[in-house]
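1. could you work out the structure for the sequence below:
(chains A and B)
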Amino acid sequence: MSMNADGAAETLTMARPVVADDASSEGVREPVSAVSCRALSIGHGERVVLQSASFAIPAGSFVGLLGPNGAGKTTFLRALLGLTPVRGGELRIFGARPVCGDRSVGYMPQSRTPIRVRLTGRDMLASSLHGERWGPPRLNAEDARRIDEALHAADAQELAARRIDALSGGELQRLRLAQALLGAPRLLLLDEPLASFDPVRMREAALQIRDVARRAGATVICSAHDIDPLLGVMDSVLYIARGRARLGSVDEVITSSALSDLYGAPVEVYRSPRGRVFVSADAA
Amino acid sequence: MLEYDFMRMAFAASGCVAVLAGPVGWFLALRGQSFAGHALSHIGFAGAVGAALLGWPPLVGLLAVAVVSGAGMGALGGRATGRDVAIGMILSLAMGCGALFLHLLTHSAMTATALLFGNVLGVTRGTLASLAVITAFSLAMLAFLSRPLLFASLQPELAEARGVRMALLSVLFLMLVGAATAGCAQVTGVLLVFTLMVGPGATILRVGLSPALALPATAALALAEAWGGLALSWWSNAPASFWIAVLSVVCFLVSGIPARSLRFRREGGVGLH
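-> Here you go, the predicted structure:
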């Protein structure tokens, strides 16, 4: 398991593309970040999720969004979707304010409720394409082509005719990834896409998400409960805890000193010889 | 049997109601809200008897109360889930008010039976015209709502992120359910609205058609059950509501059989695509 930390060693405020192609383009001194936060504050009800956080996610990178339960990973994703209002500071996606329904942002929500309806994979994608428009469900040739493209991009063509209630977890995952790719988004927000898998499948699924996103040229923010399946897959970690955030490579962020600083309490990070990471804290 | 005017009226009225109740019921079953249809008919009962007490047509009271209650339930939204006791109490109160209004009516027995179990053979021209208007308006509304409603029912979190106005959609849909309930109660009575509204929808949902096919198929099945019930009632001299209930349950049970016994065939068929 190799650490893919090189090239992702960003400082907290500066934006530099990870993808080599972007960096080589002459004349563009400071390319627009996929996501940039300046003194950003967001919250959910009484809870403060981010308090004056500043960081920038370079376009083309794969960011693992980590943090303890209830830290606000989903709330941060909802802020990027324009569903949770910004309480202070600035949040920009490719230089623009988040707008609800923005097609340049693809979203895969956490699958809490499995769809038990006997629809085909194509039906599912068709229902979500233009699903926000009033009127009867209708698809024209252009829509059908876009669905085919998204299925192809996620390597899910053979799932189009299958019934979704008969798909395995991994197959449904691929289909939902295809759905998130509808409309060719530049930013993919994936909320706990690995949650339903066993440890071996988690790794496969993570690699698949990375490959699909790379082919589609999309920046990925992927929240996860566990860091291990994303090691070597992600370019950088965005760790959220206690209202603060830290973005950087795994080697920078997942250290005893960085996490202790974030939590404001002693936290220890252990690495097993094979690269696995354990985070633990003494009961305060 | 079609040489009698009352039978032609009955076929026309139940046909009107069925083509609306079927598709609305498909969405109810899809959204797991079938209990809402049942609840709205019970609440509407108080409205119907109340209207009769005031000397108005019961359909007017039923329609008004069911549509307004639907809006209320939709506005409550997620907050209403898991509050079975509270909803049950409101239902009981509505039925209790219905009982009181019936007590105050002089010709209560006839009205009560007609409202509770339906009186499709007694449909007047005025009622038929009202039903036709309700159906036409509601079907237009359903067509307008259907795309976002399908999206929001299948994947609520994603629909919200895509800008679907979930609260508005929920209110409009349950108002539509209220209107369909009022129409349906004219044929099956308030107690048996479930048979014509949820039965066909749940049956087609089990069969598993794509939405574009499922909606017309549900309307067709509801129509077959309503007209089949009427025809059987003509030959057997049992109430149409009884036969509609029987057909509805039989269709639902039969739709569950192929899913198990034909699994081999379906899995074998995947390779053909």
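
2. tally of neighbours for the nearest residue to residue A:169 once chain neighbours are set aside?
-> Distance criterion CB to CB, 6 or more residues apart in numbering or on different chains; nearest residue to residue A:169, sequence neighbours excluded, is residue A:196 at 5.2 Å. The way it works is simple: take the backbone N, C-alpha and C, and place the C-beta from them, glycine included. Residues contacting residue A:196 under the criterion other CB atoms under 10 Å in any protein chain shown number 16.

3. before we move on, what about residue B:187?
-> 29.

4. and it, what's its pLDDT?
-> Per-residue pLDDT puts residue B:187 at 86.

5. my guess is it contacts residue B:121. True?
-> No: Residue B:187 is beyond contact range of residue B:121, at 10.2 Å (criterion: CB atoms under 8 Å).

6. overlap of the contact sets of those two?
-> Residues touching both residue B:187 and residue B:121 (CB atoms under 8 Å, 6 or more residues apart in numbering or on different chains): residue B:240.

7. and for stretch B:216-225, what's in contact with it?
-> B:15, B:18-23, B:25-26, B:195-197, B:199-201, B:203-204, B:207, B:209, B:244, B:247-248, B:251.

8. please redo it, this time with the cut-off set to 6 Å
-> B:15, B:18-19, B:21-23, B:26, B:196, B:200-201, B:204, B:209, B:244, B:247-248 (CB atoms under 6 Å, 6 or more residues apart in numbering or on different chains).

9. measure how far stretch A:272-284 is from the centre of its chain, please.
-> Relative to its chain's centre, stretch A:272-284 lies at 24 Å (CA atoms, centre = their mean, to the nearest Å).

10. quick one: pLDDT of the residue nearest to residue A:169?
-> If you check residue A:196, the pLDDT there is 77.

11. can you name the residues of the stretch 1-150 of chain B sitting close to chain A?
-> With the criterion set to CB under 6 Å from any CB of the partner chain, the stretch 1-150 of chain B comes near chain A through B:143, B:144, B:146, B:147, B:150.

12. pLDDT score for residue B:45?
-> pLDDT, residue B:45: 89.

13. and residue A:246, that one's in a strand?
-> Yes: according to DSSP: H, G, I helix; E, B strand; the rest coil, residue A:246 belongs to a strand.

14. what score does it have for pLDDT?
-> 91.

15. most neighbours among the residues of the stretch 1-150 of chain B next to chain A, which one?
-> Neighbour tally across these (other CB under 10 Å): the maximum, 26 neighbours, falls on residue B:150.

16. and the host helix or strand of that one, what's buried?
-> Element membership of residue B:150 [criterion: DSSP states H and E] is helix B:125-154. Using 16 or more other CB atoms under 10 Å in any protein chain shown as the test for burial, helix B:125-154 gives B:127-128, B:130-132, B:134-135, B:138-139, B:141-142, B:145-154.

17. just checking, what packs against it?
-> Under the contact definition 3 or more CB pairs under 6 Å, 6 or more residues apart in numbering or on different chains; DSSP states H and E, helix B:125-154 sits against helix A:121-128, helix B:5-31, helix B:166-188.

18. tell me what angle the second one forms with helix B:166-188.
-> Direction vectors for helix B:5-31 and helix B:166-188, defined by axes from the mean of the first three to the mean of the last three CA atoms, to 10 degrees, enclose an angle of 150 degrees.

19. next helix or strand past the host helix or strand of residue B:219?
-> Take DSSP H and E as the rule and residue B:219 turns out to sit in helix B:211-236. As assigned by DSSP H and E, the chain's next helix or strand after helix B:211-236 is helix B:240-261.

20. counting contacts, what elements does that next one pack onto?
-> Using 3+ CB pairs under 6 Å, 6+ apart: helix B:240-261 touches helix B:193-207, helix B:211-236.

21. which residues of chain A lie near chain B?
-> Residues of chain A lying near chain B (CB under 6 Å from any CB): A:81, A:100-101, A:107, A:109, A:115, A:118, A:123, A:127-128, A:131-137, A:161.

22. let's see that with 8 Å instead.
-> A:78, A:81, A:83, A:100-101, A:107-110, A:112-113, A:115, A:117-120, A:123-124, A:127-128, A:130-138, A:161-163, A:165, A:179 (CB under 8 Å from any CB of the partner chain).

23. filter those residues down to the buried ones.
-> For the residues of chain A next to chain B, a neighbour count by 16+ other CB under 10 Å gives the buried set as A:78, A:81, A:83, A:107-110, A:115, A:117-120, A:123-124, A:127-128, A:130-132, A:137, A:162-163, A:179.
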